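In: Provide a 3D model corresponding to the input given below.
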Amino acid sequence: MALLGALCVGLNALGFTNRSLRAQVSHLLGVAYTVNQASYDLARLRLNGLIERRPHSNTYDLTPDGQRVAIFYTKVHERVLRPLIAADQPPAPIELQRALAVVDRHVNGYLDHARLGTAA
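Out: I've put the predicted structure just below:
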């Protein structure tokens, strides 16, 4: 999520480099993000068509698909996953707690139907 969040910050005409990406991801994670981790992630993002390298430079740009993926996943995380994860905490509204229980019941039903046990 930090990587995608950092890519959202990189939605500008200047693009981003390995160095600027590392700084942004480290800031979002709150821990060090190494050169090797950033290089690996940049290669994977490029192979999947989410970023492209500018010719004759070390600068990358998000592709239109990359912009959509980065924005979509950060919105899903902020608007859906974060509230659902916090739904079992006491200040959560009862409606949210019930919604989480329904989701949990359906996921367990699918797992039971597929005969997938719990992870050891």
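In: which other helices and strands contact the lowest-mean-pLDDT helix or strand in the chain?
Out: One helix or strand of the chain scores below all others by mean pLDDT, DSSP states H and E: helix 82-85, with a mean of 72. Judged by 3 or more Cβ pairs under 8 Å, 6 or more residues apart in numbering; DSSP states H and E, helix 82-85 is in contact with helix 94-113. All C-beta spots, glycine's among them, are computed from the backbone N, C-alpha and C.
In: quick one: contacts of the helix or strand hosting residue 3?
Out: Taking DSSP states H and E as the definition, one finds residue 3 inside helix 2-9. The contact list for helix 2-9, computed with Cβ atoms under 8 Å, 6 or more residues apart in numbering, reads 16, 21, 24-25, 28-29, 33, 41, 45, 50-51, 62, 66, 69-71, 73-74.
In: Low-confidence bits of this protein, can you list those?
Out: Along the chain, segments meeting pLDDT under 70 span 10-11, 86-90, 116-120.
In: Would you mark the buried spots in stretch 53-67?
Out: Neighbour-count burial for stretch 53-67 flags 60, 61, 62, 63, 66, 67 (criterion: 16 or more other Cβ atoms under 10 Å).
In: Could you pick out which of those residues are located in strands?
Out: 60, 61, 62 (DSSP state E).
In: wait, what's in contact with the residue nearest to residue 14 when sequence neighbours are not counted?
Out: Spatially, and ignoring its direct neighbours in sequence, residue 14 is nearest to residue 59 (7.8 Å; Cβ to Cβ, 6 or more residues apart in numbering). Counting by Cβ under 8 Å, 6+ apart, residue 59 touches 14, 15, 16, 17, 53.
In: which of the residues you listed lies closest to residue 108?
Out: Taking Cβ to Cβ as the measure, residue 108 lies nearest residue 16 of the contacts of residue 59, at 41.2 Å.
In: Take the buried residues of stretch 53-67 and write them to CSV, including distance to residue 109.
Out: Shown next, in CSV, are these (distance: Cβ to Cβ, whole Å):
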residue, distance to residue 109
60, 43
61, 43
62, 38
63, 38
66, 35
67, 36
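In: what's the most distant pair in those?
Out: Greatest spacing in those, by Cβ to Cβ: 60 and 67 (12.6 Å).
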